[in-house]
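One predicted model, sequence on top.
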Amino acid sequence: MSTPAMRPDASAVYRRYLSAVMLHGQAGARAVDLGATDLYALNILELAGPMTPGELGTRSGLTTGPTTRLIDRLTDAGYVRRVPVPGDRRKVLVELVSTPAGLAEALAPAQRRIGEIIEAYTAEQREVLFDYFTRAAEAFRDATEDLRAE
């Protein structure tokens, strides 16, 4: 991540940032009595909508067995349901039906703090930030596919 145009500690700064985001995700999950992967799966479903168990497994980085157990836990907790696909009795979709009580409250302090940071930037700088978030998410997805292909 370090190039002549970047500051020499760019990689360390970025890794600290990613570690803090991951740690907060784990703490947020614990605050609502979920595992981090369970909360991550709920986020995937909220952002992308219903999907097959296989697609949820791929997006969450799980193999078939752990994906089945994940869906079972989330179904038992009332967060998702399995919905038959019309015209294909063998296929189901996993659909989000609710989110954990208290999740918004658990995440609110970080959202407020990050919001304050972002608001301190000019409108033009915010556009750059959100362009980065959008492009970086795609870059990470592509890099993930590259790693899986190896």
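Sure thing, it's come through. Residues are numbered from 1 along each chain as shown.

can you list the domain ranges for the chain.
34-100, 101-150 (automatic domain parsing).

what's the spacing between the longest one and its chain's center?
By that I understand domain 34-100. Counting by C-alpha atoms, centre = their mean, to the nearest Å, domain 34-100 is centred 13 Å from the centre of its parent chain.

Do you know the pLDDT at residue 2?
pLDDT for residue 2: 53.

Which SSE is immediately downstream of the lengthiest strand in the chain?
Ranked by number of residues, the top strand in the chain under DSSP state E is strand 88-96. Sequence-wise, the next helix or strand downstream of strand 88-96 (DSSP states H and E) is helix 103-119.

Please identify the buried residues of the helix or strand that comes right after that next one?
Next in sequence after helix 103-119, counting helices and strands by DSSP H and E, comes helix 123-149. Across helix 123-149, burial judged by 16 or more other C-beta atoms under 10 Å covers no residue at all. Heads up, the C-betas are built off the backbone N, CA and C, glycines and all.

Centroid-nearest residue for the protein?
Centroid check for the chain by C-alpha atoms, centre = their mean gives residue 40 as the closest residue, at 4.8 Å.

returning to that earlier point: right, so the domains of the chain: which one is the most enclosed?
domain 34-100 (a mean of 15; mean count of other C-beta atoms under 10 Å).

For it, measure first residue to last.
9 Å (C-alpha to C-alpha, to the nearest Å).
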